[in-house]
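# need coordinates for the following:
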Amino acid sequence: MTSLAQSNPVIGTVKGPGEDGNQYLFITADNHQVKIGEFVFYKIAAPNDSSTTWEILGKISDRRLIDHLPDRLFADTQISPDTIASLIGFAYPNPEIYEVTVDVIGYFHPALGFINPRITPTPGAKVCIVADDRLQQVVNKKQPGEMGSAHIGSLLLRAGEAVPVALDVKEIVSTHMAILAGTGSGKSYTAGVLIEELLRPYNRAAVLIFDPHGEYNTLAEMRGKTDFQGSDGYAPKVQILTPEDIQIRMSSLDYYDILTLLPEMSDRQQSILNKAFTILGKHKRGDYRWNVNDLIAAVYEADTTADDEGNDKVGSSAPALEWKLDRLARSPYFHQVNHMAPRDLFEPGQVTVLQMNEISQEEQQVICAAVLRQSYHARINTARDKIEAGDENYLPFPVFVLVEEAHRFAPAKEPSRCKAVLRTILSEGRKFGLGVGLITQRPGKLDSDVLSQCMSQFLMRIVNPVDQESLKYGVEAAGRDLLKELPALTKGQVIISGACLNTPVLCQVRQRLTSHGGETLNAPQAWQGYFQKHRLRTQEIKDAPVAAKSKSTTFNGVSIE
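Take a look at the predicted model:
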């Protein structure tokens, strides 16, 4: 009994049921341990085995002060309320009494996870704080350092790093994930920690990052760090592709891709372009790779009709389309032969970063859609044995794709080329081993269908009411009690919920092993630095010796200058 009290301190006594059948209330005088989100438990005998005791875990969701010293004692700021209380004979060391609401999670089964027995505690039952080691076992599906784990940080409500939080990588990849946070909350930093874990020796993942701002180039530091090296000689590969390295084969684009890249298309021009793609399809034989000139020829064929005398007549849409397609041909990102094939982007133990910070929004959309579509088809065709090793689309392993600024690629109320592709992958990709992670600072602007398919969520500080409201419908697993904490979270603090953990937790993100590439520019420091350089240059000019005037050159007494 003594050891139980030391490892699981009793903090309160059950009062009775709460507002719904999944809650109960307990009374406590301990103001320090009854924090929102803290884990507690009560004990009951198993229904079919009285010799077995279950620890029914719950999470504190609310607390209310129900009894305290008279308010008059607090009115005079010069006198201690405790002093007055002792003079009138009030001898309780903790005069405040709290009524605490607990949401029941259930007892933990190692194979099945949490099971809610639907048995409420009896009034008078003792409520205990869950010990650190026990909490680590029941919160994490995977323990830190195990194959398939991702040590993301530690439990926020416990001192230091007493309870490490490790995610289940299998669930993240198979059921997709989303990092939702306001500007400056640390979403890219958290994503960097996750990528580090995916490339550790106990995971060795195949990862691709769409990086619109060029924030992930510092992942290259993994190459020389011992933290990422395995005993078998493993070391992660980091491939940084700048805009100059990004090339998509023209023939991998479809009609809607081209439509996104061509500005201000009339209805007739769209119809002619659609017919041109049909013509290209008829001409296609084997691995036929068309270019812009082939498409222009198909456009003219589609816009050609015969007059009454049997002569061919070209309509007005073909020349207009030719002019627009010529502009597309000059784009450095679309080529007849060169291409970023899936086998070039993915490899176990490798992260590839596509830096798109100098590419237009429309071209980013098409590049992202083309890469995702081809990777998805590569996984399907490989799984169905339709392609063999050596093919550029051969992907015999699962892959994970991280999309930064996801609200740009799948906006809620605007058309987007990438949105339809993402919807398909998020709903069907788990069957073929293509996982997606979305990162956004505006969840309210992210397509709700896309967000709802992400079964693991990382929620960081969000102040915007519209974004907060969108989470109530797009994120089911977090629970309303933890969503209330969003405005109060500070940088690096995150609510993690969903399939990657046994229960939602408040987590402090661990320190990165590589540098963070998304630091905010310090404008005042840059301004000061400019003037320091300017003053140094001015002083150099001032201290420079005055050049003596050279004598003029003469010939026979006459200047020749």
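
# what's the single longest helix in this protein?
helix 361-383 (DSSP state H).

# other residues contacting whichever helix or strand comes after it?
Heading C-terminal from helix 361-383, the first helix or strand you meet, by DSSP states H and E, is strand 399-403. The contact list for strand 399-403 (Cβ atoms under 8 Å, 6 or more residues apart in numbering) reads 172-173, 191, 195, 198, 205-210, 346, 368, 372, 375, 379, 409, 422, 433-439. In this view, the C-beta of every residue, glycine as well, is placed from N, C-alpha and C.

# now stretch 523-536 - C-alpha only, CSV.
C-alpha atoms of stretch 523-536 as CSV (Å, rounded to 0.1, in the frame of the first residue of the first chain):
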residue,chain,number,x,y,z
ALA,A,523,14.7,43.2,-39.6
PRO,A,524,16.1,45.6,-37.0
GLN,A,525,19.4,43.6,-36.8
ALA,A,526,19.7,43.7,-40.6
TRP,A,527,19.1,47.5,-40.6
GLN,A,528,21.7,48.1,-38.0
GLY,A,529,24.2,45.9,-39.9
TYR,A,530,23.6,47.9,-43.0
PHE,A,531,24.6,51.2,-41.3
GLN,A,532,27.6,49.6,-39.7
LYS,A,533,28.9,48.6,-43.1
HIS,A,534,28.0,51.9,-44.5
ARG,A,535,29.9,53.8,-41.8
LEU,A,536,33.0,51.6,-42.3
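
# quick one: low-confidence parts of the chain?
Applying pLDDT under 70 to the chain picks out residues 1-7, 69, 72-74, 81-94, 284-288, 308, 310, 472-481, 518-522, 546-561.

# contacts for the longest strand seen in it?
The single longest strand within the chain, with elements called by DSSP state E, is strand 49-67. Surrounding strand 49-67, the residues in contact under the criterion Cβ under 8 Å, 6+ apart are 23-24, 27, 34-46, 95-108, 114, 117, 119, 121, 130, 138, 479, 481, 503-504.

# again, only using 6 Å
With contacts defined as Cβ atoms under 6 Å, 6 or more residues apart in numbering, strand 49-67 is touched by 34, 36, 38-44, 46, 97-105, 107, 481.

# still on that earlier bit, which helices and strands sit right next to the longest helix of the chain?
Applying 3 or more Cβ pairs under 6 Å, 6 or more residues apart in numbering; DSSP states H and E, one finds that helix 361-383 makes contact with helix 255-261, helix 417-428.

# now for Gly124, how many residues are close by?
Counted with other Cβ atoms under 10 Å, residues neighbouring Gly124 total 9.

# typed the wrong thing, it's Tyr333
Neighbour tally, Tyr333, other Cβ under 10 Å: 21.

# same deal with Pro396?
12.

# check contacts around it.
So Pro396 contacts Thr382 (Cβ under 6 Å, 6+ apart).

# make 18 the first number, not 1, from now on.
OK, 18 is where the count begins now, so the last one is Pro413.

# picking up where we left off before, out of the helices and strands packed on helix 378-400, flag the one nearest Ala505.
Ala505 lies closest to helix 434-445 among those, at 30.4 Å (Cβ to Cβ).

# which residues does the spatially closest residue to Phe363 that is not a sequence neighbour bridge with?
Leaving aside its sequence neighbours, Phe363 sits nearest to Ala223 (Cβ to Cβ, 6 or more residues apart in numbering; 4.4 Å). Ala223 has the following beta-bridge partners by DSSP bridges: Gln367.

# burial count for Ala223?
There are 23 residues near Ala223, going by other Cβ under 10 Å.

# again with Ile384
Neighbours of Ile384 using other Cβ under 10 Å come to 25.

# show me what contacts the residue lying closest to it once chain neighbours are set aside?
Leaving aside its sequence neighbours, Ile384 sits nearest to Ile265 (Cβ to Cβ, 6+ apart; 5.8 Å). The contact partners of Ile265, by Cβ under 6 Å, 6+ apart, come to 351, 384, 387.

# and the longest helix of the chain, which residues are buried?
With burial defined by 16 or more other Cβ atoms under 10 Å, the residues of helix 378-400 counted as buried are 380-399.

# now do stretch 174-184
Those would be 174-175, 180-184, for stretch 174-184 by 16+ other Cβ under 10 Å.

# and Thr30, helix, strand or coil?
strand (DSSP: H, G, I helix; E, B strand; the rest coil).

# for it, what are its contacts?
43-44.

# in which helix or strand would I find Leu184?
Assigned by DSSP H and E, Leu184 falls in strand 181-185.

# and that strand, what does it pack onto?
Strand 181-185 packs on strand 166-172, going by 3+ Cβ pairs under 6 Å, 6+ apart.

# send me the strand it packs on as PDB with only the CA atoms.
The C-alpha coordinates for strand 166-172 follow below in PDB (Å, rounded to 0.1, in the frame of the first residue of the first chain):
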ATOM      1  CA  SER A 166       8.800   4.900 -33.700                       C
ATOM      2  CA  ALA A 167       9.200   8.600 -33.900                       C
ATOM      3  CA  HIS A 168      10.300  10.400 -30.700                       C
ATOM      4  CA  ILE A 169       8.700  13.800 -31.200                       C
ATOM      5  CA  GLY A 170       9.000  15.200 -27.700                       C
ATOM      6  CA  SER A 171       7.800  14.800 -24.200                       C
ATOM      7  CA  LEU A 172       4.500  15.200 -22.300                       C
END
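
# who touches that strand?
For strand 166-172, with Cβ under 6 Å, 6+ apart as the criterion, the contacting residues are 159, 161, 178, 180-184, 186, 210, 214, 522, 524-527.

# next one: stretch 134-149
Counting by Cβ under 6 Å, 6+ apart, 24-29, 31, 33-34, 41, 43, 50, 56-59, 61, 179-180 sit against stretch 134-149.

# quick one, helices of the stretch 168-317 of the chain?
186-192, 204-215, 272-278, 284-300, 309-319 (DSSP state H, counting those that start in this stretch).

# in CSV: these, plus distance to Arg151 and mean neighbour count.
Output for the helices of the stretch 168-317 of the chain, formatted as CSV (distance: least, Cβ to Cβ, whole Å; neighbours: other Cβ atoms under 10 Å):
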stretch, distance to Arg151, mean neighbour count
helix 186-192, 22, 22
helix 204-215, 24, 23
helix 272-278, 53, 19
helix 284-300, 61, 16
helix 309-319, 64, 20
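
# nearest to Gln549, out of the ones you listed?
helix 204-215 (30.1 Å).

# against which helices or strands is that closest one packed?
Counting by 3+ Cβ pairs under 6 Å, 6+ apart, helix 204-215 packs on strand 194-197.

# what pairs with the longest strand of the chain, parallel or antiparallel?
According to DSSP bridges, strand 66-84 has these partners: strand 56-63 (antiparallel), strand 114-126 (antiparallel).

# okay, and the beta partners of Val255?
Beta-bridge partners of Val255, as defined by DSSP bridges: Val368.

# same list (the helices of the stretch 168-317 of the chain) but as JSON lines, adding distance to Ser487.
JSON lines is the format used below for the helices of the stretch 168-317 of the chain (distance: least, Cβ to Cβ, whole Å):
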{"stretch": "helix 186-192", "distance to Ser487": "20"}
{"stretch": "helix 204-215", "distance to Ser487": "16"}
{"stretch": "helix 272-278", "distance to Ser487": "26"}
{"stretch": "helix 284-300", "distance to Ser487": "33"}
{"stretch": "helix 309-319", "distance to Ser487": "40"}
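
# give the buried residues for the longest strand of the chain.
So, applying 16+ other Cβ under 10 Å, buried residues of strand 66-84: 71-80.

# nearest to Ala516, of the helices and strands packed on helix 378-400?
Among the helices and strands packed on helix 378-400, if distance is taken as Cβ to Cβ, the winner is helix 434-445, at 13.6 Å.

# what packs against the closest one?
So helix 434-445, by 3+ Cβ pairs under 6 Å, 6+ apart, packs with helix 378-400, strand 451-457.

# run through who's touching it.
With Cβ under 6 Å, 6+ apart, helix 434-445 has contacts from 193, 277, 382-383, 385-386, 389-390, 393, 426-427, 451, 453, 464, 466-467, 470.
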